[in-house]
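In: A predicted structure for the sequence below; I have some questions about it.
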Amino acid sequence: MNIHLVYTALGFYLVSTLLYALSLVFNRRFLEKPGYYGFITGFIIHIASVLTRYFEAGYTPITNIYESLSFLSLCIAGFFIYIRRIYRVQMIGCIIAPLVSLIVIMSLNFPSEIKPLIPALRSAWLPIHAILSFIGNSIFIVGFFISLLYLAVEKEIKKKKSFFFSDKFPSLSTLDRINYRCMSLGFPFLTAGIITGSIWAGFAWGSYWRWDPKETWSLITWIVYAILFHNRLALGWQGKRTAYMMILGFLLIIFTFLGVNFLLKGSHAYI
Amino acid sequence: MKKQAIGIIGLNHNTAPLEIREKFYIKEGSIPELLARIRQEGINEAVVISTCNRTEIYYSGDDNEEMVRKIRRVLSDAAQAQDDWFDHYMYIFKDEEAFRHLFLVASGLDSMVIGEPEIFGQVKEAYRIAASARSTGFFLNKTFHKTFNVAKRIRTETRIGYNPLSISSMAVELAKRIFGNLDEKKILVVGAGEMCEMALKYFQKEGLSDVFITNRTYQRAYKLADEIIGEARPFEALFELLTMVDVVLTSTGSDVPLITLDMLHMAMKKRKNRPIFFIDIAVPRDVDPAINNMDNVYLYDIDDLKDLSQKHLSNRVKESEKAHVIIEDETAKFSEWLDKIDVNPLISHIMATADHIRNREIKKTLARLTNKDPEIASAIDSMTRSMMNKLVHPYLALLKDSEDPAVFDTLKKLFQFEENDEENMDSGDEGL
């Protein structure tokens, strides 16, 4: 059941991607709305797929790579819809719709059958820790793309030669405000994710902090975002510098999320 | 009588970069002086057009190379120009090419922003200054009046000026790329000249009300604020204003940059790096170009806006093609007319005499009118012109068709024509 729903959701995401792409390439703004509604439909079906998986498996489905990628893309999709509603910005879906589609496609390349939960993950902390961390990560991933977009638009306005991005995407201020929103929302989630992880480790492994690679790299990522947060508030860092820091933070998140598992071995080996 | 030539020497935004145009820019107040220098060189008819996009001298006189050299010398002294600048940046047109160029300029087809209406007023003003300095005579009077007609014809017969992309509208469009919605943004206008006035009117039309105006002469800023929109602030408050506004439009006559790198570094600290956008349409520039390299600071000068306006060119290509057809048509007509004059100096004398009387009477009539409606003035102008043409036409027709020297002599007496006396009659009257 779950897998069929995922395919259906993916179908909607892809239709949305196509509409966004057409809207972008042929400069047809009116295609943005149907693209967005297609995306929302995909999102709702995607939620349904995760819920059915939850009931079928009997545990929060964030325990292997398939489930993780699927849940991550769901969070990204949800956060995008939130941004789209708050800032009434169009065309950002041109980036998010293909991104979400891509992550869902990636997830489908990993084994997706439901297995009994390994003992280490049988804990009430699983949903708390995993959901908080995933929401935080997905917000920062969106922030990363917003930052890239910011840099592209900024460069165009400074170079004064041609206006491709700045014609189609939101204004610099709006992008910067979204970036700030990503930062100020993502940071508490990331912090909460690390704290709950630490508490869970305290129960499971008997120690709150053991400098496990996952823990170490999470902390490094957290410090980068903390510096960024501080500089923004205290030193008035705006625009380009925020964008560069968000990009650095994103690279660390990707490394912590996937790299650590593949390159460094640690206790946090599930995902 | 020798053949008369109409010529132009000048440079514009297509041939010269801003740095060079700044050097050649001639302030309105200095134009009469320049015209006097040109007259000293023995060139009696000249009009100087100098805007931020062009400096051009139109002249009329005997047809020889010496005249070009003289004008070059005067211009070169005024701008302290290097010799090779003329080869690199200047164009020289004569006769048909010259008045075709003037037609193009006046109808906005040679403008940075194609079809913009401001240049028409600037050409008119340049002509007015030359006329009141008594630097125009029969040929340039005729040429400029023709030009105004052509420009008006293009305005009515094409949509070239429809919804013009003014500097102000481009500024607002750019500001939106940076700030999105401008409703809550504060705008500062530095200067109180014509460009600032137009910008203020545009802001008012766009519903942007958070506007400040500052100017070295506070009274003028106050007057603009009072008449159009905004809040006048003393010039000393410039730095303080830079710490609070979001968009700055500068257009002053200052010779040195008013907004420097150091000043803005300090302002940005106080602003906590909030973005600020400068549009500098002054020539010479009011804002140090280096500030565009600062984070969160954006600067567009007049040349940058030019490149932008090219983007919108395509929409206007069709209209501009129509306009070019009109210009070719009018150029041919005018050229033909001038040729006839050259064939017979007496014809030009008759025309000049009649036109002179006409102008004098218009002046008198307008001075008596209590209603200063420009529409009435233009109606009187065109009515008297067609009356004049109809009255003079039989004489001209007779002259052209008749081989009889007696006709020629009679008309000479009738219109008190003496060979080589043309300049005297045009410049010797108080009323003009």
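Out: Everything's here; your move. Note that the coordinates shown come from a computational prediction; the quantities given were computed from them, not determined experimentally. Numbers count the residues shown, from 1 in each chain, chains lettered A, B, ... in the order given.
In: who touches the helix or strand where residue B:232 lies?
Out: Per DSSP states H and E: residue B:232 is located in strand B:231-234. With contact meaning CB atoms under 8 Å, 6 or more residues apart in numbering or on different chains, strand B:231-234 is reached by B:211-215, B:218, B:221-222, B:224-226, B:241. Just so you know, the C-beta spots here come from the backbone N, C-alpha and C atoms, and that holds for glycine as well.
In: OK, contacts around whichever residue of the stretch 201-350 of chain B sits closest to chain A?
Out: Taking CB to the nearest CB as the measure, the stretch 201-350 of chain B has residue B:272 as its residue closest to chain A, at 3.1 Å. Contacts here follow CB under 8 Å, 6+ apart; on that basis residue B:272 touches A:235-236, A:238.
In: tell me how far stretch A:121-131 lies from the chain's centre.
Out: Relative to its chain's centre, stretch A:121-131 lies at 19 Å (CA atoms, centre = their mean, to the nearest Å).
In: just the CA atoms of it, as CSV, please.
Out: Provided in CSV are the C-alpha atoms of stretch A:121-131 (Å, rounded to 0.1, in the frame of the first residue of the first chain):
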residue,chain,number,x,y,z
LEU,A,121,15.8,1.6,17.8
ARG,A,122,12.9,0.3,19.9
SER,A,123,12.5,3.4,21.9
ALA,A,124,10.0,6.3,22.4
TRP,A,125,12.9,8.6,21.6
LEU,A,126,13.0,7.4,18.0
PRO,A,127,10.1,9.5,16.7
ILE,A,128,11.1,12.5,18.8
HIS,A,129,14.7,12.5,17.9
ALA,A,130,14.4,11.5,14.3
ILE,A,131,11.5,13.8,13.5
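In: in it, what's buried?
Out: For stretch A:121-131, a neighbour-count test (16 or more other CB atoms under 10 Å in any protein chain shown) marks A:121, A:125-126, A:128-131 as buried.
In: can you count the residues close to residue B:119?
Out: 23 (other CB atoms under 10 Å in any protein chain shown).
In: residues in contact with it?
Out: B:51, B:105-106, B:108, B:110-111.
In: closest to chain A out of those?
Out: Using CB to the nearest CB, residue B:111 comes nearest to chain A of those, at 19.0 Å.
In: any idea how far the residue lying closest to that closest one once chain neighbours are set aside is from residue B:125?
Out: Distances taken as CB to CB, 6 or more residues apart in numbering or on different chains place residue B:119 nearest to residue B:111, at 5.2 Å, with adjacent residues excluded. Going from residue B:119 to residue B:125 by CB to CB, to the nearest Å gives 10 Å.
In: show me where the stretch 101-250 of chain B has helices.
Out: B:118-132, B:138-157, B:167-179, B:194-205, B:218-227, B:238-242 (DSSP state H, counting those that start in this stretch).
In: please convert the contacts of residue B:272 to TSV, extending it with secondary structure, neighbour count and distance to chain B.
Out: Formatted as TSV, the contacts of residue B:272 follow (DSSP: H, G, I helix; E, B strand; the rest coil; neighbours: other CB atoms under 10 Å in any protein chain shown; distance: CB to the nearest CB, whole Å):
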residue	secondary structure	neighbour count	distance to chain B
A:235	helix	12	8
A:236	coil	16	3
A:238	coil	23	5
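In: need these in a markdown table with pLDDT, can you?
Out: Output for these, formatted as a markdown table (pLDDT from 0 to 100):
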| residue | pLDDT |
| --- | --- |
| A:235 | 83 |
| A:236 | 82 |
| A:238 | 86 |
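In: next, the residue of the stretch 101-250 of chain B found nearest chain A: phi, psi?
Out: For the stretch 101-250 of chain B, the residue closest to chain A is residue B:180, as judged by CB to the nearest CB, at 3.6 Å. Torsion angles at residue B:180 (phi, psi; degrees, to the nearest 10) stand at phi 70, psi -120.
In: mind pulling up the pLDDT for the closest residue to it other than its chain neighbours?
Out: Leaving aside its sequence neighbours, residue B:180 sits nearest to residue A:171 (CB to CB, 6+ apart; 3.6 Å). pLDDT, residue A:171: 91.
In: list phi and psi for residue A:171.
Out: phi -70, psi 160.
In: surely it is in contact with residue B:177?
Out: Yes - contact criterion CB atoms under 8 Å: residue A:171 and residue B:177 qualify, at 5.6 Å.
In: so for these two, which residues contact both of them?
Out: residue A:153.
In: interface residues of the stretch 101-250 of chain B facing chain A?
Out: B:174, B:176-180 (CB under 8 Å from any CB of the partner chain).
In: any regions of the chain where pLDDT drops low?
Out: Unless you meant another one, I'm taking chain A. A:1, A:265-267, A:269-271 (pLDDT under 70).
In: please go with chain B instead
Out: If you take pLDDT under 70 as the line, chain B has these spans: B:1-4, B:63-64, B:161-166, B:309-318, B:340-344, B:400-405, B:418-432.
In: run the last query once more with 50
Out: Scanning chain B for pLDDT under 50 picks out B:1-2, B:163-164, B:421-432.
In: just the strands in it please.
Out: For chain B, applying DSSP state E gives strands covering B:4-12, B:45-50, B:54-62, B:91-94, B:187-190, B:211-215, B:231-234, B:247-250, B:276-280, B:297-301.
In: the third one packs against which elements?
Out: Counting contacts by 3 or more CB pairs under 8 Å, 6 or more residues apart in numbering or on different chains; DSSP states H and E, strand B:54-62 packs against strand B:4-12, helix B:18-24, strand B:45-50, helix B:65-79, helix B:95-106, helix B:138-157.
In: at 7 Å instead, please
Out: The contact analysis (3 or more CB pairs under 7 Å, 6 or more residues apart in numbering or on different chains; DSSP states H and E) places strand B:54-62 against strand B:4-12, strand B:45-50, helix B:65-79, helix B:138-157.
In: can you check the second one too?
Out: Counting by 3+ CB pairs under 7 Å, 6+ apart, the packing neighbours recorded for strand B:45-50 are helix B:31-40, strand B:54-62, helix B:118-132, helix B:138-157.
In: and the gap between residue A:228 and residue A:238?
Out: Look at residue A:228 and residue A:238: by CB to CB, they are 12 Å apart.
In: check residue B:392 too.
Out: Taking CB to CB, one finds residue B:392 at 71 Å from residue A:238.
In: now residue A:162
Out: Taken as CB to CB, the span from residue A:162 to residue A:238 is 25 Å.
In: please apply the same query to residue A:179.
Out: From residue A:179 to residue A:238 the distance is 9 Å (CB to CB).
In: next one: residue B:233
Out: Using CB to CB, which is the criterion applied here, residue B:233 is 26 Å from residue A:238.
In: ok, residue B:416 next?
Out: Distance of residue B:416 to residue A:238, computed by CB to CB: 77 Å.
In: ditto for residue A:171
Out: Counting by CB to CB, the gap from residue A:171 to residue A:238 is 14 Å.
In: for residue A:74, same thing?
Out: Residue A:74 is 31 Å from residue A:238, by CB to CB.
In: do residue B:78 as well
Out: The gap separating residue B:78 from residue A:238 is 46 Å, by CB to CB.
In: can you pull the contacts of residue A:187?
Out: Residues near residue A:187 by CB atoms under 7 Å, 6 or more residues apart in numbering or on different chains: A:225, A:229.
In: so it is in which element?
Out: Counting by DSSP H and E, residue A:187 is part of helix A:172-205.
In: quick one: that helix to strand B:297-301, angle?
Out: 160 degrees (axes from the mean of the first three to the mean of the last three CA atoms, to 10 degrees).
In: next, the angle from helix A:172-205 to strand B:276-280.
Out: Comparing the axes of helix A:172-205 and strand B:276-280 via the same axes, to 10 degrees yields an angle of 160 degrees.
In: now helix A:172-205, how far from the chain's geometric center?
Out: On CA atoms, centre = their mean, the centre of helix A:172-205 falls 11 Å from that of its chain.
In: domain ranges for the chain?
Out: Going with chain A. A:1-117, A:119-271 (automatic domain parsing).
In: not quite, go with chain B.
Out: Split by automatic domain parsing, chain B gives B:1-162, B:167-311, B:344-432.
In: make TSV from the ones you listed and add distance to residue B:331 to it.
Out: Formatted as TSV, the domains of chain B follow (distance: least, CB to CB, whole Å):
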stretch	distance to residue B:331
domain B:1-162	4
domain B:167-311	25
domain B:344-432	19
